[in-house]
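[1] Sequence below, structure please.
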Amino acid sequence: MIRPALFYFNSLALVSLISVANAATNLPRVQFNRDIRPIMSDTCFHCHGFDAKSRKAGLRLDRREDALQPTKHDLLPIVPGQPDDSEIIQRIMDVVDPMPPLEMHKQLTLEQKELFRRWVAEGGLCAADSPVSSRQKETKSDRCLYSRAPDGQKNHPSPSS
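    As a prediction, the model looks like this:
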């Protein structure tokens, strides 16, 4: 009598795991402008943005081409498709020394952290990396920049960058 009950509960657990796995694969793609840029603007760009004087650890996250290059400490901020190898994922998941730092009082929620992980796993793309459908027109906000300069213009590398 115990065996059928055990089989039933094991089957139920397996069906639940399969349902969760299917739900995870049916999630919509993360869109940079809608999902990631607002979080980075609020929590990352102050220390890792366009202003070289306030930039920490030589890490620039506001331009994709910089976020894909090794830092001065030879760390890769974003490794497209490999969140576990991406320094930004390791740092936002770090419980001892998290990013953003605790003293900034701008901690990421678990949902935001998972959104970052999914985004990097999907390639860490911004709108300009994605094909524009024939019904869509590319807009200024679709350019492949992770942020904008204070005047709203495209960020250009400065001679000192």
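[2] Is there a neighbour count for the nearest residue to Leu108 once chain neighbours are set aside? I'd like the number.
    Spatial nearest neighbour of Leu108, chain neighbours left out: Ile92 (5.7 Å); criterion: CB to CB, 6 or more residues apart in numbering. For the C-beta atoms, the positions are set from N, CA and C on the backbone; glycine is no exception. Neighbours of Ile92 under the rule other CB atoms under 10 Å: 20.
[3] low-confidence ranges in the protein?
    Scanning the chain for pLDDT under 70 picks out the ranges 1-25, 127-161.
[4] try 80 this time
    For the chain, the stretches flagged by pLDDT under 80 are 1-25, 126-161.
[5] any chance you could map the strands in it?
    In the chain, no strands are defined using DSSP state E.
[6] That one: helices as residue ranges?
    2-25, 37-43, 45-48, 64-67, 87-93, 110-121 (DSSP state H).
[7] Of all the residues in the second one, which ones are buried?
    When neighbours are counted by 16 or more other CB atoms under 10 Å, the buried residues of helix 37-43 are found to be Arg37, Ile39, Met40, Thr43.
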